[in-house]
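Peer 1: below are the sequence and a predicted model for it; my questions follow.
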Amino acid sequence: MKSLLALAFIVTIVAFSGNAVAEEKAYVPKQNEELFGTWVNLDYPPGERHQKIVVHPDGRYERFSQQWFKEPTSKFSYKITDKWTDSEGNIWYKVRESGLNYEQYKLHRISNSGKTMEFVRDGTNYPTEIDQDKYPYRVYNRQE
């Protein structure tokens, strides 16, 4: 009986540790990540799309309906979960954005010049590609 309980205990520990290993690990961002900064697209109509996005190093993500607004239209927190550079020098990020009753999985691409950011998002999984023809594709330029 004791050996059966011990076996059950070991199986339980192994099962939980497997889940812990499979759990998403956050990328540890540097102070000067290319993602950080203010991004704008004044071609986006206010109310339909956000004209300005500010990505802060402390995990805050703010969206502004109009570029000149002083206060953000919406605020979220985010975690960078992965980062890599492709053969063309573009920088890619997987980002999990969350707020009150809200979670999105995003794939960002920052151009090799560092001046353009594109992204797509999904409510259940990280997108695997950036398709400019599919909703919700977004593109912004770095505000200097």
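Peer 2: All right, it came through fine.
Peer 1: secondary structure element for Arg109?
Peer 2: Applying DSSP states H and E as the criterion places Arg109 in strand 102-110.
Peer 1: mean confidence for that strand?
Peer 2: Averaging pLDDT along strand 102-110 gives 95.
Peer 1: again with stretch 30-45
Peer 2: pLDDT averaged over stretch 30-45 gives 95.
Peer 1: can you tell me the element the residue nearest to the spatial centre of the chain falls in?
Peer 2: Centroid check for the chain by C-alpha atoms, centre = their mean gives Val95 as the closest residue, at 1.8 Å. Using DSSP H and E, Val95 sits within strand 91-99.
Peer 1: can you name the element that comes right after the strand holding Arg109?
Peer 2: strand 116-122.
Peer 1: quick one: strands adjacent to that next one?
Peer 2: Its sheet considered, strand 116-122 pairs with strand 102-110 (antiparallel), strand 138-142 (antiparallel) by DSSP bridges.
Peer 1: between strand 102-110 and the strand holding Val95, find me the angle.
Peer 2: Orientation of strand 91-99 against strand 102-110 (axes from the mean of the first three to the mean of the last three C-alpha atoms, to 10 degrees) gives an angle of 160 degrees.
Peer 1: show residues contacting strand 91-99.
Peer 2: Strand 91-99 has contacts (C-beta atoms under 8 Å, 6 or more residues apart in numbering) with 24, 27, 34-35, 61, 74-86, 103-110, 112, 114, 119, 121, 126. Bear in mind the C-beta positions are built from the backbone N, C-alpha and C, glycine included.
Peer 1: what subset of these is buried?
Peer 2: Neighbour-count burial (16 or more other C-beta atoms under 10 Å) applied to the contacts of strand 91-99 gives 34-35, 61, 76, 78, 80-81, 83, 104-110, 119, 121, 126.
Peer 1: where do the helices of this structure begin and end?
Peer 2: 2-22 (DSSP state H).
Peer 1: need the longest strand for it.
Peer 2: strand 74-85 (DSSP state E).
Peer 1: that strand to strand 102-110, inter-axis angle?
Peer 2: Using the same axes, to 10 degrees: strand 74-85 against strand 102-110 is 40 degrees.
Peer 1: show me where this protein dips below the pLDDT cut-off.
Peer 2: Low-confidence segments of the chain (pLDDT under 70): 1-24.
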